[in-house]
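1. Pasting the sequence and the predicted coordinates here, then a few questions.
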Amino acid sequence: MARTPRELSGRVVAITGGARGIGRATAQACVRAGMQVAIGDLDLASAQRTAAELDHGTLAVELDVTNRASVRSFLDVVEERLGSLDVLINNAGIMHIGALDDEDDASTRRMVDINVHGVMHGMKEALPRMKARNRGHIVNLGSTAGKGGFAGAATYSGTKHFVVGASEAVRFELRGSDVEISCILPVVVRTELAAGVSKARFVDHLEPDDVAEAILRTLRFPRFEVFVPGHMKGLMTFASLLPRPARDGLARALKADRVFTATDNAARRDYERRAARSEPGLREVQRPPDLGD
């Protein structure tokens, strides 16, 4: 028997990093579904422009996910203005690319602060609200990089492994309650974050709308682990069953080992500069000459 989809109209959703990319596309999809939408972003001006363009009462709030007090304030404003929080989408993330030994320490800390602490702050602030009402849904943006290690993105891969592991642990903690948690695992998405990134064989880059639609489906039909596109689940499961030498050979055959090393650094320059400006004192990441910088 087919499951009945959950009704989303009127539900309150808060989205971190909602001014652009996947966050913006998700906010737009939520608006179309009739949800009451709040977007939080470090770049308040961009968040306000996005909210104005989406209309339908979309709320824009300044948010620094690395600061738990800022996350608390964001959710307080959302509940004061829109009502009790039904859904939190932990979308904010950052990615610097390059060999680990060339990675600036400040860049490493920034990725961990946003990709790890940002998700943890979101869950820690949202869960008590949801558990008190015994309802709610937290959606954490992971990545297929959270299911394998990718050269050129060691720290990013590590942060996404953390998101997957922490989400799974919290899922067990929530057993018996009506609070849901989901982890979205997309391949490379055409956003600023992934500018200049190569393609693996037989794996096209996604559009932000593809991920947004997967998130909406997950809100209607809750599942814990959601690969985007869906066929990646079979590929990743198959790869995990192989002996290590065979798994490495498959990665080379699919050129998955070059996705974050054979990059177009000129195409990434604007993103890297904007990402660096998100933290005072964080200089633009320097890369070795053989990566094209």
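-> Everything's here; your move.
2. Can you classify residue 8 as helix, strand or coil?
-> On the three-state scheme (DSSP: H, G, I helix; E, B strand; the rest coil), residue 8 is labelled coil.
3. Pretty sure it sits against residue 29.
-> No - between residue 8 and residue 29 there is no contact, the gap being 9.8 Å when judged by Cβ atoms under 8 Å. For the C-beta atoms, the positions are set from N, CA and C on the backbone; glycine is no exception.
4. Can you give me the distance of residue 224 to residue 169?
-> Computed as Cβ to Cβ, to the nearest Å, the residue 224 to residue 169 distance reads 12 Å.
5. thinking again about what came up before, more crowded one of residue 8 and residue 29?
-> In this comparison of residue 8 against residue 29, neighbours counted by other Cβ atoms under 10 Å, the higher total goes to residue 29 at 22 against 18.
6. so who does the more buried one touch?
-> The contact partners of residue 29, taken as Cβ atoms under 8 Å, 6 or more residues apart in numbering, are 209, 212-213, 215-216.
7. Out of those, grab the one that's most surrounded.
-> Highest neighbour count within the contacts of residue 29, by other Cβ under 10 Å: residue 215, with 26 neighbours.
8. Excluding chain neighbours, what is closest to that residue?
-> If you skip the residues right next to it in sequence, residue 215 has residue 26 as its closest partner in space, 5.4 Å away by Cβ to Cβ, 6 or more residues apart in numbering.
9. ok so the one you found is a helix residue?
-> Yes - the assignment for residue 26, made by three-state DSSP, places it in a helix.
10. average pLDDT across the biggest helix by length in the chain?
-> Looking only at the chain and at elements set by DSSP state H, the helix with the highest residue count is helix 154-173. Here the mean pLDDT over helix 154-173 is 96, rounded to a whole number.
11. Can you verify my assumption that residue 154 contacts residue 101?
-> No - using Cβ under 8 Å as the test, residue 154 is too far from residue 101 to be in contact (9.5 Å).
12. Which one of those two is surrounded by more residues?
-> Neighbours around residue 154 and residue 101, counted as other Cβ under 10 Å, are more numerous at residue 154. The numbers are 19 against 7.
13. who touches both of residue 8 and residue 29?
-> Shared contacts of residue 8 and residue 29, counting by Cβ under 8 Å, 6+ apart, come down to residue 216.
14. before we move on, back to that, need the contacts of residue 29 in TSV with secondary structure, can you?
-> What follows is the contacts of residue 29, written out as TSV (three-state DSSP):
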residue	secondary structure
209	helix
212	helix
213	helix
215	helix
216	helix
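15. List just the nearest of these to residue 50.
-> Proximity of the contacts of residue 29 to residue 50, judged by Cβ to Cβ, is greatest for residue 212, which lies at 13.3 Å.
16. residues touching residue 34, list them.
-> Residue 34 makes contact with 8-10, according to Cβ under 8 Å, 6+ apart.
17. Name the helix or strand for it, please.
-> When secondary structure is defined using DSSP states H and E, no element contains residue 34, which sits outside every helix and strand.
18. That one and residue 11, how far apart?
-> Distance, residue 34 to residue 11, by Cβ to Cβ: 8 Å.
19. And for residue 86?
-> Here residue 86 is placed at a distance of 4 Å from residue 11 (Cβ to Cβ).
20. go on, residue 28?
-> Per Cβ to Cβ, residue 28 is found 16 Å from residue 11.
21. and stretch 107-126, what's its mean pLDDT?
-> 96.
22. Which pLDDT value belongs to residue 193?
-> Residue 193 carries a pLDDT score of 68 in this model.
23. for residue 180, helix, strand, or coil?
-> For residue 180, the assignment made with three-state DSSP gives strand.
24. That one: neighbour count?
-> 20.
25. contacting residues for it?
-> Counting by Cβ under 8 Å, 6+ apart, the residues that residue 180 touches are 136-138, 174, 222.
26. on that earlier part again, got a list of what the residue nearest to residue 215 touches?
-> For residue 26, the set of contacting residues under the criterion of Cβ under 8 Å, 6+ apart consists of 15, 18, 89, 91, 208, 211-212, 215-216.
27. any idea which of those is closest to residue 150?
-> Within the contacts of residue 26, the smallest distance to residue 150 is 18.2 Å, found for residue 211 (Cβ to Cβ).
28. per-residue confidence at the nearest residue to residue 160 once chain neighbours are set aside?
-> Residue nearest to residue 160 in three dimensions, not counting chain neighbours: residue 146, with 3.3 Å by Cβ to Cβ, 6+ apart. With respect to pLDDT, residue 146 has a value of 89.
29. Brilliant, that's me finished.
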